[in-house]
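Novice: After the sequence you'll find the predicted model.
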Amino acid sequence: MAKMTASKTQEEQWMVQNQVFRIYDLVYRLPPHAQSVNFELRRDDHIEYLTRSLTQLGPNFTVLDANRPWLCYWIIHSIALLGDCVDDNLESDAIDFLRRCQDPNGGYGGGPGQMPHLATTYAAINALLTLGGHKSLSSINREKLYSFLLRMKDTSGGFRMHDGGEVDVRACYTAISVASVLNILDERLTQNVGDYIISCQTYEGGISGEPGAEAHGGYTFCGLAAMVLINEVHRLDLPGLINWVVFRQGIECGFQGRTNKLVDGCYSFWQGGVAAIIQRLHLMIKEQLGLSSTFKFDCITESDDDSSDTDREKPMLEGLNNNGYNFIKGSKGMRPLFNSMALQQYILLCTQEEAGFRDKPGKRRDHYHTCYVLSGLSVCHHCNVKEAETPPLPKDVMGPYSNLLEPVHPLYNIVLDKYYEAHEFFARL
């Protein structure tokens, strides 16, 4: 009888599991007072690391020359999540740098003089919104940016990442997100976007980057968020999407991005953000499942009424550009779809370094993972409160309550108070 040998994928999975479980075992063998140190968010160290990175990066970062607006966003957003802000000089330098990345014909490139690209446009806009203030927000040329977005519009209904570039769900999301938050979203931009995204929902229930590809956490977030912003989320198979995402949290307690793939800290937000969006879509989910109007999900508080009377009492602003505002002002009608405490455990014990965050044990810290791990941790902290502005209870925060992060708007991944500032600013224009 032939001997069965493990595949490369199985070997990598077992190795990661062993590393993660060894960490858990070591921590939980410690006395309680010694355990608690391991669950502290090293806030000051993270802020120092991020602030230093915004000032100067080493020569090994030259490979990211076309991603400099992303570096700005990852760092500035992480600092904002930690409840801090960059100093006035750094803020001014960042605004001036991003202004130089703005193409004369609209959109933002990866650096001064580089061609405009939807990904770096999204990163630049989110960085500028996170900095906030008149100088930052008024530096955005919305008219030229709108023209750029129209040029990227494809006959398929989707968007191209850049002139002559690929069409995918990521392009759809970055275009729609930017247009929505800047108050320039209209029917010309949204035409047939929903058709394209629906064509990317796979048999598994998640969403792929393009038709016929594999369901993926990042693309599922992009597709779901874009469909909410264009007011067509009801067209997705939401029960199928839920069925896919709930199985992405593995035995290591973190999220994987695709079926049978390794856990990765960044999916704390890409999958956690999907779960945060789903919590506010309970009425559509109930309708798609054919449940009676009297059916109640496992609600956040026992007094919740799933008829959503409290939602209907709130003033709803009309127009495509208010979908993001109306969404976050609505109440959550479901408990989170994932184990928040387990994910916080993975984040704090397996991805947190002395300063910065990493993908998994054995990897090195970087700004990308620092940003999305912190974003996912914020989702964990705030997933059990019904209203966006309600502070979570200490029981919802693993470790000391001082670990608590600022809440994010799950559709844009912008700190909530910065989103409100931007919404008010651009609504007046």
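Specialist: Structure received.

Novice: residue ranges with poor pLDDT in the protein?
Specialist: Judged by pLDDT under 70, the chain has its weakly predicted residues at 1-3, 301-315.

Novice: repeat that for 90
Specialist: Residue ranges of the chain with pLDDT under 90: 1-6, 9, 32-34, 292-319, 333, 429.

Novice: Spell out the residue ranges of the strands in it.
Specialist: In the chain, the segments counted as strands under DSSP state E are 408-409, 414-415.

Novice: Provide a list of residues in contact with residue 9.
Specialist: Taking Cβ atoms under 8 Å, 6 or more residues apart in numbering, we find residue 9 in contact with residue 260. (Glycine included, C-beta is placed from N, CA and C.)

Novice: Nearest spatial neighbour of residue 189, chain-adjacent residues omitted?
Specialist: Excluding its sequence neighbours, the residue lying closest to residue 189 (Cβ to Cβ, 6 or more residues apart in numbering) is residue 179, at 5.4 Å.

Novice: That neighbour contacts residue 188, correct?
Specialist: No. Contact criterion Cβ atoms under 8 Å: residue 179 and residue 188 do not qualify, at 10.0 Å.

Novice: Distance of residue 181 relative to residue 98?
Specialist: To residue 98, residue 181 is 15 Å away according to Cβ to Cβ, to the nearest Å.

Novice: Show me which parts of stretch 28-48 are buried, residue by residue.
Specialist: Within stretch 28-48, the residues scored as buried using 16 or more other Cβ atoms under 10 Å are 38, 39, 41, 42, 46, 47.

Novice: if we can go back for a sec, of residue 179 and residue 188, who's got more company?
Specialist: residue 179 (24 against 10; other Cβ atoms under 10 Å).

Novice: how far away is that one from residue 30?
Specialist: Taking Cβ to Cβ as the measure, residue 179 falls 50 Å from residue 30.

Novice: Equivalent analysis for residue 285, please.
Specialist: To residue 30, residue 285 is 42 Å away according to Cβ to Cβ.

Novice: follow-up on the earlier one: pick the most deeply packed of the strands of the chain.
Specialist: Most buried of the strands of the chain, by mean neighbour count (mean count of other Cβ atoms under 10 Å): strand 414-415, with a mean of 28.

Novice: Provide the strand pairings for that strand, with the direction of each partner.
Specialist: strand 408-409 (antiparallel) (DSSP bridges).

Novice: Quick one: distance of the partner strand to the chain centre.
Specialist: 8 Å (Cα atoms, centre = their mean, to the nearest Å).

Novice: for stretch 283-302, same thing?
Specialist: Per Cα atoms, centre = their mean, the centroid offset for stretch 283-302 relative to its chain is 25 Å.

Novice: buried set for it?
Specialist: So stretch 283-302, judged by 16+ other Cβ under 10 Å, has buried residues 283, 284, 285, 286, 288, 297, 299, 300.

Novice: Pull the contacting residues for the fifth one.
Specialist: By Cβ under 8 Å, 6+ apart, the residues touching residue 288 are 234, 237, 238, 239.

Novice: so what's the backbone phi/psi at the second one?
Specialist: If I follow you right, that is residue 237. As for residue 237, its main-chain torsions (degrees, to the nearest 10) stand at phi -80, psi 90.

Novice: Please report how far it lies from residue 200.
Specialist: Taken as Cβ to Cβ, the span from residue 237 to residue 200 is 12 Å.

Novice: And for the last one?
Specialist: If you measure residue 239 against residue 200 using Cβ to Cβ, the figure is 17 Å.

Novice: ok, those two, which is more surrounded?
Specialist: residue 200 (24 against 15).

Novice: Wait, residue 343 touches residue 272, no?
Specialist: Yes. Using Cβ under 8 Å, residue 343 is in contact with residue 272, at 6.8 Å.

Novice: okay, and the common contacts of those two?
Specialist: Common neighbours of residue 343 and residue 272 (Cβ under 8 Å, 6+ apart) are 255, 376, 380.

Novice: Neighbour-wise, give me the winner out of those residues.
Specialist: residue 376 (32 neighbours).

Novice: Next, count neighbours for residue 147.
Specialist: Residue 147 has 14 neighbours, counted by other Cβ under 10 Å.

Novice: was I right about it contacting residue 116?
Specialist: No. Using Cβ under 8 Å, residue 147 is not in contact with residue 116; the gap is 10.5 Å.

Novice: Show me the common contact partners of the two, please.
Specialist: Shared contacts of residue 147 and residue 116 (Cβ under 8 Å, 6+ apart): 105, 106.

Novice: ok, how many other residues are close to residue 165?
Specialist: 16.

Novice: Ok, the one 10 residues further on next?
Specialist: When counting by other Cβ under 10 Å, one arrives at 28 neighbours for residue 175.

Novice: from what I can see it touches residue 149, true?
Specialist: Yes. In terms of Cβ under 8 Å, residue 175 counts as a neighbour of residue 149; the distance is 5.2 Å.

Novice: Which residues are in contact with each of these two?
Specialist: With Cβ under 8 Å, 6+ apart as the test, residue 175 and residue 149 both reach 159, 189.

Novice: Save the shared contacts of residue 343 and residue 272 as TSV, and put in distance to residue 161 too.
Specialist: Listed next are the shared contacts of residue 343 and residue 272 as TSV, based on distance: Cβ to Cβ, whole Å:
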residue	distance to residue 161
255	25
376	25
380	31
